[in-house]
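Novice: only geometry, no sequence info:
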């Protein structure tokens, strides 16, 4: 599945636009990992809610260019925009960070 610009959270994101706005509490949802299905809306980032390995695909990477964080502790922030979290290779759980 190729990059889908309509799911990209960077539009209006104060951390990407170069001008930071006042801090606010981000919202998020628990991610259901899948080896084949992208997130309904790309996540601006991820936070680990159950420690373990997290295999994910940054939003603009090719499908084969995955990243795996090994032994990620609870509270660890994945700073990439993410379009998929893989079931295979993921032993922890994550939630999205949304503006």
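Specialist: In hand now; what should we look at? Fair warning: this is a prediction, and the values are worked out from it, not measured in the lab. Numbers count the residues shown, from 1 in each chain.

Novice: Please enumerate the strands of this structure.
Specialist: For the chain, the strands defined by DSSP state E occupy 45-50, 52-58, 67-72, 77-78, 82-85, 93-97.

Novice: Can you add distance to residue 36 and give these back as CSV?
Specialist: For the C-beta atoms, the positions are set from N, CA and C on the backbone; glycine is no exception. What follows is those, written out as CSV (distance: least, CB to CB, whole Å):
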stretch, distance to residue 36
strand 45-50, 19
strand 52-58, 11
strand 67-72, 17
strand 77-78, 20
strand 82-85, 8
strand 93-97, 18
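
Novice: Which one, of those strands, ends up nearest to residue 34?
Specialist: Closest approach to residue 34 among the strands of the chain is made by strand 82-85 (6.8 Å; CB to CB).

Novice: Who are the packing partners of that closest one?
Specialist: strand 45-50, strand 52-58 (3 or more CB pairs under 8 Å, 6 or more residues apart in numbering; DSSP states H and E).

Novice: One more pass at 10 Å, please.
Specialist: The contact analysis (3 or more CB pairs under 10 Å, 6 or more residues apart in numbering; DSSP states H and E) places strand 82-85 against strand 45-50, strand 52-58, strand 93-97.

Novice: Now mean pLDDT too, for those, in TSV please.
Specialist: As requested, the helices and strands packed on strand 82-85 are exported to TSV (pLDDT from 0 to 100):
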stretch	mean pLDDT
strand 45-50	97
strand 52-58	98
strand 93-97	96
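
Novice: possible to save those as JSON lines with distance to residue 37 and mean neighbour count?
Specialist: What follows is these, written out as JSON lines (distance: least, CB to CB, whole Å; neighbours: other CB atoms under 10 Å):
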{"stretch": "strand 45-50", "distance to residue 37": "16", "mean neighbour count": "18"}
{"stretch": "strand 52-58", "distance to residue 37": "11", "mean neighbour count": "20"}
{"stretch": "strand 93-97", "distance to residue 37": "15", "mean neighbour count": "21"}
